[in-house]
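Peer 1: Only the shape, not the letters, is given here:
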DNA sequence: TCGTCATGTGTACAAGTGTACGCTTGGGCC
DNA sequence: GGCCCAAGCGTACACTTGTACACATGACGA
């Protein structure tokens, strides 16, 4: 059995593979992510993997870069739409409660990225860029220290929400943000 | 049914394997952790792996349970030694800056555990127990809401410290704890 | 029309995996 | 002393993995 008729240059093929890669990571984790699984998810032959990407690392890097970019963009958009400090405060509460990590998928992907970055410094440029963008968005409304602390609080509450059974209730989140903002 | 004295081998063999397993996880991550590598690290034959543990999952579960227990115990001990609210506040700052996640090893292991728990609910009993113990230790000094928020803050700042280049400086941490404690 | 060649694909392969299973071993009992 | 039998081990096996590479294909210039 020899090669089937190749589809001539499909410019979206790379992106399709990257999207599929994120799906696979969310589903089975970075460690379960193999060329074969991604190829199947993207409906692309196995050979395409090594053709389009130098190796697994290149694929992971591009996938996580895309993911971080999407989340950071959504985060910034949500905050930038606020026109007063009260609205910004409400936006932060909303983000913790609903927005940024709205889906399990995003939460899992975030943890996978964090774990990778914790063990392998070469992935930290991705998390650093992400965090810098989040903080910059916050600093359009709050002073740098406050922005920093809000960012940490968002991170911490998000993780608790993911790994604990008892979710922080709405009132507690409102209270937390209030304490940070009005010392 | 009778309890027999261990025959030829070191009675602490299981524990040695579990310790070695944590070392391997810290070194190469959960996904790189194999029976063979753990066996080599523990200086134990490969066959021992399947003899002492039903499978990789059982080994991971026991290893992470041990790890979480150690960290939580250290955390609680640090807080319990405080005899006043001021001391407790200082302890929290110290914990963020130095203690709990003092080593890269602990940080990496924590992320590995979080990632596992995020994707596989059966590991969440470990993180839940850990968090419940941390919170209980905090509640010996602070009211429940404050304890909860401090816990989230510790989590968030710790992660930022791990994944960002710009570490929160000491003054910012002091400020953060102060804001949570004195709304 | 036909040859050329970049693009894209199928497949083979060596390395490495978890686990089952039969064999060795040596302490306790007669 | 000599036997017994479970604790513990070495090994084989079926499988999955990433990657290299030979080769089919069709667009395009001559």
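Peer 2: The structure has been received and is ready for your questions. No experiment lies behind these values; they were computed from the predicted model shown. Residues are numbered from 1 along each chain as shown, chains lettered A, B, ... in the order given.
Peer 1: Helices of chain A, start to end?
Peer 2: Applying DSSP state H to chain A gives helices spanning A:13-32, A:35-42, A:46-52, A:56-80, A:85-97, A:104-119, A:124-139, A:144-163, A:170-181.
Peer 1: Quick one: low-confidence residue ranges for chain A.
Peer 2: Applying pLDDT under 70 to chain A flags the ranges A:1-11, A:99-102, A:165-167, A:183.
Peer 1: quick one, domains of chain A?
Peer 2: A:11-53, A:64-181 (automatic domain parsing).
Peer 1: From residue A:78, how far out is the residue lying closest to residue A:141 once chain neighbours are set aside?
Peer 2: Residue nearest to residue A:141 in three dimensions, not counting chain neighbours: residue A:88, with 3.9 Å by Cβ to Cβ, 6 or more residues apart in numbering or on different chains. Quick note: C-beta positions are derived from backbone N, CA and C, even for glycine. Per Cβ to Cβ, to the nearest Å, residue A:88 is found 10 Å from residue A:78.
Peer 1: Centroid-nearest residue for chain A?
Peer 2: Geometric centre of chain A, nearest residue: residue A:68, 4.1 Å, by Cα atoms, centre = their mean.
Peer 1: Quick one: neighbours of the nearest residue to it once chain neighbours are set aside, just the number.
Peer 2: Spatial nearest neighbour of residue A:68, chain neighbours left out: residue A:130 (4.2 Å); criterion: Cβ to Cβ, 6+ apart. Burial of residue A:130 is recorded as 23 neighbouring residues (other Cβ atoms under 10 Å in any protein chain shown).
Peer 1: Report the contact partners of residue A:130.
Peer 2: A:68-69, A:71-72 (Cβ atoms under 8 Å, 6 or more residues apart in numbering or on different chains).
Peer 1: any idea which of these is closest to residue A:32?
Peer 2: residue A:68 (20.6 Å; Cβ to Cβ).
Peer 1: Distance of the residue of chain A found nearest chain B relative to residue B:155?
Peer 2: Of all residues in chain A, residue A:31 sits closest to chain B, at 2.7 Å by Cβ to the nearest Cβ. Note on residue A:31: its distance to residue B:155, by Cβ to Cβ, is 24 Å.
Peer 1: got the contact list for the residue nearest to the centre of chain A?
Peer 2: By Cβ under 8 Å, 6+ apart, the neighbours of residue A:68 are A:113, A:126-127, A:129-130.
Peer 1: quick one: it from residue B:35, how far?
Peer 2: Distance from residue A:68 to residue B:35, by Cβ to Cβ: 34 Å.
Peer 1: try residue A:144
Peer 2: Counting by Cβ to Cβ, the gap from residue A:144 to residue B:35 is 49 Å.
Peer 1: Likewise for residue A:179?
Peer 2: Applying Cβ to Cβ to residue A:179 and residue B:35 gives a distance of 48 Å.
Peer 1: Which one of these two is surrounded by more residues?
Peer 2: With neighbours defined as other Cβ under 10 Å, residue A:179 and residue B:35 compare such that residue A:179 has more, 22 against 18.
Peer 1: So residue A:135 sits against residue A:147, correct?
Peer 2: Yes: between residue A:135 and residue A:147 there is a contact under Cβ atoms under 8 Å: 5.3 Å.
Peer 1: hang on, the earlier thing: could you pull up the residues touching the closest residue to the residue of chain A closest to chain B other than its chain neighbours?
Peer 2: Leaving aside its sequence neighbours, residue A:31 sits nearest to residue B:31 (Cβ to Cβ, 6+ apart; 2.7 Å). For residue B:31, the contacting residues are A:29-32, by Cβ under 8 Å, 6+ apart.
Peer 1: If we use 10 Å, what do you get?
Peer 2: A:29-33, A:115, B:25, B:112, B:115 (Cβ atoms under 10 Å, 6 or more residues apart in numbering or on different chains).
Peer 1: buried subset of those residues?
Peer 2: Using 16 or more other Cβ atoms under 10 Å in any protein chain shown as the burial test, those include A:29-31, A:33, A:115, B:25, B:112, B:115 as buried.
Peer 1: possible to save those as CSV with distance to DNA strand C?
Peer 2: Listed next are the buried ones among the contacts of residue B:31 as CSV, based on distance: Cβ to the nearest atom of the strand, whole Å:
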residue, distance to DNA strand C
A:29, 15
A:30, 16
A:31, 11
A:33, 15
A:115, 18
B:25, 12
B:112, 15
B:115, 17
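Peer 1: which pair in those spans the largest distance?
Peer 2: Farthest apart among these - using Cβ to Cβ - are A:33 and B:25, which lie 18.5 Å from each other.
Peer 1: correct me, but residue A:30 touches residue A:116?
Peer 2: Yes: if you go by Cβ atoms under 10 Å, residue A:30 and residue A:116 touch, sitting 6.1 Å apart.
Peer 1: Which neighbours do the two have in common?
Peer 2: By Cβ under 10 Å, 6+ apart, the residues touching both residue A:30 and residue A:116 are A:60, A:64, B:29, B:115.
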